[in-house]
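Student: Just a sequence and a predicted model for now, questions to come.
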Amino acid sequence: LALRNPSPSPATAMPITIVHCWSAPRSRSTALLYSFEARNTNNNLSEDDTDTIALDEPLYRRWLSEKINGGTGNYGISRPYAEPFLQGVAPAESAEDEDDDAWRWEREKQCSNERIYHAVKSLVEGGKLDDGCIFLKQMAKFSHLFDFETNWETEIDSDASRWKEHCLQLLADNKIELKHRHLLLIRDPISCLGSWMGKSGSVHGKNPHPDEVGITQLLDVYSKVLGSSMNRAEEEDVIVIDSDDLAADPRKSLQDLCAALGIEYRDSMLKWQAGPHKCDGPWAKWWYHDVWESSGWDVEDVDANESNTSGLNHPRTQRYRTVPPALVPALRMSIPAFNFLQTLTSSNQERAITTPPSGRLYEDPRNEHVLVFVGTPSTPTRRGTGRIIPRDMAAISPFDSSVQGGDATWEGVRVYNGRIFHLDHHLDRLFRSAKALGFKYVHTRSEVTEAIFCVLAANGMRDGAHMRLTLTRGEKCTSSMNPYFNVYGTTFIILPEWKPTEGATTYDNTKGVTLITAGSCRRSPPSTIDNKIHHNNMIQNILPKIEANLAGAADSIMLDVEGFVAETNATNLFLVRCDRQHNEVDVDKDKNHSGYDGAVLVTPSGDHCLPGITRATVLLLAKELGIKTEVRRVSLSEFYSADEVFTTGTMGELTPVTIIDGRSIGWNNTTKRGAVTELLQSTYKEAVKTRLDWSTEIPPFC
């Protein structure tokens with residue numbers, strides 16, 4: 001037992017880091033191999049006196065033998081060097097031209113475990129255990145030959161088993177601990193496959209079989225590493241790097257990689273000698289043409305006396321390749337695996353180029369991993385395709401009408417205390433808008449409701465959440481504005497988020513907000529675009545919002561074409577006017593709610609705005625409270641001179657407005673919310689809790 005599983009004390013064991021780098025072919029894995037091989041030069045180490053050893057695909061010979069000699073399952077895999085490679089003897093033409101190259105072929109007779117043994121022994125004998133590293137370049141399609149539970153080559157013969165035991169004994173004798181780390185080097189499948197069929201295509205017979213290409217196996221490697229690490233005391237993170245990030249910013253990428261591995265980064269990793277390398281496998285002259293022409297990653301770090309075209313990431317390496325139809329099946333299989341793995345890269349997690357004013361990407365951290373819904377409806381001949389998916393993996397087709405022309409309708413819905421407030425009203429408006437827009441093959445109301453319940457359950461959302469529901473005309477079969485080409489049915493999207501009614505993404509409902517009047521555009525009349533259709537053509541809202549941002553205001557007031565107030569770029573507007581001159585309403589003096597000293601609640605008519613559902617609720621609550629209401633055309637000066645102003649919307653409920661265009665609202669210039677506003681806020685919140693007939697209960701989650 002001690003021989004098979006020596007356990008040196010962590011306090012005394014000297015660690016050697018073994019990096020198992022898994023990739024698909026044509027992923028710049030050889031360049032990364034050379035980076036680690038070059039890691040020694042900063043310490044002026046000789047080739048035989050090194051603390052980093054690079055091994056080139058030590059499982060390749062076994063994999064090729066299995067594919068060629070195994071009979072079934074080789075999928076037409078062949079190599080022009082297969083016979084000498086499997087025999088471990090240099091081919092005749094190689095022996096004549098490169099007498100010193102025979103050792104490469106002989107070396108390949110060693111199994112992977114033996115290669116690791118000799119690498120560890122070299123580090124031990126050289127005394128280079130401090131920050132020692134062994135880098136193994138592996139193709140993901142070899143992964144079935146690797147035991148991720150033990151982090152050794154699978155033991156199908158006595159040779160692999162014997163060398164594993166030799167290595168474990170060597171480690172125990174020298175109090176050395178191996179730290180196995182797994183790295184996935186990914187690359188856009190289009191680039192991988194295009195390169196696969198390029199200059200090296202003749203080597204593999206231009207075989208596009210997914211098992212030969214090997215991109216999908218990267219997902220299997222990730223799953224196995226993750227699964228095996230769960231059985232250990234300390235779970236192991238899988239490091240994922242996009243090789244395009246590595247080429248674009250090699251220094252930062254290599255620094256981040258070394259930090260994740262727990263080893264020292266060295267600038268020598270940016271450059272290497274052009275031409276063949278000692279670590280190359282004997283197959284290199286068939287495959288490594290491009291990397292042999294390079295002398296490093298970073299073209300700016302090349303010595304002044306050298307041409308700056310020798311960097312691997314120089315524009316000279318750019319290729320514009322056609323994707324042959326034969327590659328499309330492999331491409332279709334590879335993209336889902338790549339898309340998932342890319343979400344695990346640091347570049348994806350750090351893709352934001354700026355942050356919101358709050359300084360946080362996610363006001364609630366749970367929103368980073370929220371699950372969304374995207375799908376098409378069922379038809380008499382086809383079931384619906386709706387599914388729940390993590391937000392960073394969700395997508396709709398670029399042929400979708402919402403992308404092509406903002407051709408969609410939407411609703412914002414709030415979840416309170418296990419219920420969805422005014423869900424029926426929101427769905428009524430959603431479907432009325434879809435009908436007005438002439439949508440066909442539309443989701444049914446039951447499909448929409450079921451999807452809402454499913455996505456809320458998936459996220460465990462029963463309170464403090466907001467949902468954006470979007471119904472598009474759907475995907476087109478060709479790029480066009482013509483709805484005749486919408487042949488797949490509508491697309492329904494649910495974006496649920498944990499979102500408080502007050503916060504960085506909403507408004508301050510206690511202190512209030514500042515508004516300005518928009519100058520960039522006016523709210524359109526029904527003769528232009530009817531705002532009663534809750535459509536996704538939002539440019540008329542976005543431009544005024546930009547104005548507000550630049551002015552340091554919360555939102556912009558939108559005027560209609562005749563200069564009357566319509567709404568803000570995001571909400572409906574109300575003003576409170578007191579008939580008794582210069583008097584504010586005193587709620588405490590009128591506890592029976594009988595008119596509030598003549599207060600009148602005024603809101604613009606719905607001719608040039610969306611008559612909001614929260615707006616309608618406030619009008620109803622005001623009537624119940626005995627507050628007189630008026631719905632009519634309202635001028636901007638009436639808002640300037642109002643006693644109180646507030647906005648309404650599903651997202652932020654009721655928000656006081658304290659300043660408009662630099663003018664304080666109210667007579668005493670206190671810039672605080674008014675008494676009627678405060679009363680309606682509390683009445684609205686109470687209605688949310690108690691008016692159960694205004695909301696829909698969310699089913700229990702299991």
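Tutor: Nice, I can see it.
Student: okay, now the closest residue to residue 635 other than its chain neighbours: neighbour count?
Tutor: Leaving aside its chain neighbours, residue 635 sits nearest to residue 564 (6.0 Å; criterion: Cβ to Cβ, 6 or more residues apart in numbering). Quick note: C-beta positions are derived from backbone N, CA and C, even for glycine. For residue 564, the count of nearby residues is 19 (other Cβ atoms under 10 Å).
Student: for residue 648, same thing?
Tutor: Counted with other Cβ under 10 Å, the neighbours of residue 648 add up to 25.
Student: Quick check, pLDDT for residue 383.
Tutor: Looking at residue 383, its pLDDT stands at 89.
Student: if I look at it, how far off is residue 635?
Tutor: Distance of residue 383 to residue 635, computed by Cβ to Cβ, to the nearest Å: 54 Å.
Student: same check, this time on residue 264
Tutor: On the measure of Cβ to Cβ, residue 264 and residue 635 end up 70 Å apart.
Student: returning to that earlier point: which one of residue 383 and residue 635 is surrounded by more residues?
Tutor: Counting neighbours by other Cβ under 10 Å for residue 383 and for residue 635 shows that residue 635 has the greater number, 14 against 9.
Student: what residues are up against the more buried one?
Tutor: Residue 635 sits next to 563-565 when contact means Cβ atoms under 8 Å, 6 or more residues apart in numbering.
Student: Please tabulate those residues in JSON lines, including the columns pLDDT and secondary structure.
Tutor: Output for the contacts of residue 635, formatted as JSON lines (pLDDT from 0 to 100; DSSP: H, G, I helix; E, B strand; the rest coil):
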{"residue": "563", "pLDDT": "95", "secondary structure": "coil"}
{"residue": "564", "pLDDT": "97", "secondary structure": "coil"}
{"residue": "565", "pLDDT": "97", "secondary structure": "strand"}
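Student: and of these, the nearest to residue 370?
Tutor: The closest of the contacts of residue 635 to residue 370 turns out to be residue 565 (Cβ to Cβ; 36.0 Å).
Student: Surely that closest one and residue 604 touch.
Tutor: Yes: using Cβ atoms under 8 Å, residue 565 makes contact with residue 604 at a distance of 5.2 Å.
Student: Common neighbours of those two, please.
Tutor: Shared contacts of residue 565 and residue 604 (Cβ under 8 Å, 6+ apart): 573, 634.
Student: any weak-confidence spans in the stretch 201-350 of the chain?
Tutor: In the predicted model, the stretch 201-350 of the chain carries pLDDT under 70 at residues 208, 232-235, 298-319.
Student: For it, which segments count as strands?
Tutor: 239-242 (DSSP state E, counting those that start in this stretch).
Student: Listing request: residues of the stretch 551-700 of the chain with sub-threshold pLDDT.
Tutor: For the stretch 551-700 of the chain, counting by pLDDT under 70, the residues that fall below are 580-597.
Student: Can you show me the strands along it?
Tutor: Counting by DSSP E, counting those that start in this stretch, the strands of the stretch 551-700 of the chain are 555-559, 565-568, 572-578, 599-604, 628-632, 644-649, 653-660, 663-664, 695-697.
Student: quick one, strands of the stretch 351-500 of the chain?
Tutor: Using DSSP E, counting those that start in this stretch, strands in the stretch 351-500 of the chain cover 371-375, 387-390, 408-416, 419-421, 465-472, 491-498.
Student: Include mean neighbour count when you put those into CSV, please.
Tutor: CSV is the format used below for the strands of the stretch 351-500 of the chain (neighbours: other Cβ atoms under 10 Å):
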stretch, mean neighbour count
strand 371-375, 21
strand 387-390, 15
strand 408-416, 22
strand 419-421, 21
strand 465-472, 22
strand 491-498, 22
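Student: List just the one of these that sits closest to residue 600.
Tutor: Ranking the strands of the stretch 351-500 of the chain by proximity to residue 600 (Cβ to Cβ) places strand 419-421 first, at 26.9 Å.
Student: chain center to the closest one, what's the gap?
Tutor: Relative to its chain's centre, strand 419-421 lies at 29 Å (Cα atoms, centre = their mean, to the nearest Å).
Student: roughly how far apart are the closest residue to residue 254 other than its chain neighbours and residue 134?
Tutor: Once flanking residues are discounted, residue 254 sits nearest to residue 269: 5.2 Å by Cβ to Cβ, 6+ apart. Applying Cβ to Cβ, the value for residue 269 to residue 134 is 15 Å.
Student: Looking at these two, which has the bigger crowd around it?
Tutor: Taking neighbours as other Cβ under 10 Å, residue 269 and residue 134 compare with residue 269 leading, 27 against 23.
Student: wait, doesn't that one sit right on residue 33?
Tutor: No: Residue 269 is beyond contact range of residue 33, at 11.1 Å (criterion: Cβ under 8 Å).
Student: hmm, back to that, could you point out which of the strands of the stretch 551-700 of the chain sits nearest residue 333?
Tutor: Closest approach to residue 333 among the strands of the stretch 551-700 of the chain (Cβ to Cβ): strand 695-697, 41.4 Å.
Student: in the closest one, what's buried?
Tutor: By neighbour count with 16 or more other Cβ atoms under 10 Å, strand 695-697 contains the buried residues 695-696.
Student: helices or strands next to that strand in the packing?
Tutor: Strand 695-697 sits against strand 419-421, helix 423-436, with contacts defined as 3 or more Cβ pairs under 8 Å, 6 or more residues apart in numbering; DSSP states H and E.
Student: So which of those is the most surrounded?
Tutor: Neighbour counts (mean count of other Cβ atoms under 10 Å) averaged over each of the helices and strands packed on strand 695-697 peak at strand 419-421, with a mean of 21.
Student: Export stretch 257-268 to CSV, keeping only CA atoms.
Tutor: Output in CSV follows, covering the C-alpha atoms of stretch 257-268 (Å, rounded to 0.1, in the frame of the first residue of the first chain):
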residue,chain,number,x,y,z
LEU,A,257,-1.8,30.9,-15.7
CYS,A,258,1.3,30.6,-13.6
ALA,A,259,-0.5,32.3,-10.7
ALA,A,260,-3.3,29.7,-11.0
LEU,A,261,-0.8,26.9,-11.1
GLY,A,262,1.1,28.2,-8.1
ILE,A,263,4.4,28.5,-10.0
GLU,A,264,6.7,31.4,-10.9
TYR,A,265,6.1,33.3,-14.1
ARG,A,266,9.2,34.2,-16.1
ASP,A,267,9.5,36.5,-19.1
SER,A,268,11.5,33.9,-20.9
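Student: OK, contacts around residue 407?
Tutor: Neighbour list for residue 407: 401, 437, 472-473, 536 [criterion: Cβ under 8 Å, 6+ apart].
Student: Setting aside sequence neighbours, what's the nearest residue to the spatially most central residue of the chain?
Tutor: Centroid-nearest residue in the chain, with Cα atoms, centre = their mean: residue 392, separated by 3.3 Å. The shortest distance from residue 392 to any non-neighbouring residue, by Cβ to Cβ, 6+ apart, is to residue 343 (5.0 Å).
Student: Distance check, that neighbour against residue 242.
Tutor: 11 Å.
Student: The stretch 1-150 of the chain: helices as residue ranges?
Tutor: 29-37, 60-69, 82-87, 92-97, 102-107, 112-125 (DSSP state H, counting those that start in this stretch).
Student: what comes into contact with the third one?
Tutor: Taking contacts as Cβ under 8 Å, 6+ apart, the residues outside helix 82-87 that touch it are 61, 64-65, 68-69, 79, 90-91, 94, 105, 108, 282-283.
Student: coming back round to it: quick one, which of residue 565 and residue 604 is more surrounded?
Tutor: Per other Cβ under 10 Å, whichever of residue 565 and residue 604 has more neighbours is residue 604, with 28 against 25.
Student: residues touching the residue nearest to residue 254, list them.
Tutor: For residue 269, the contacting residues are 35-36, 38-39, 254, by Cβ under 8 Å, 6+ apart.
Student: Pull the most distant pair out of those residues.
Tutor: 38 and 254 (10.6 Å).
Student: that older thread, with respect to residue 52, which of the helices of the stretch 1-150 of the chain lies nearest?
Tutor: Using Cβ to Cβ, the helices of the stretch 1-150 of the chain put helix 29-37 closest to residue 52, at 5.6 Å.
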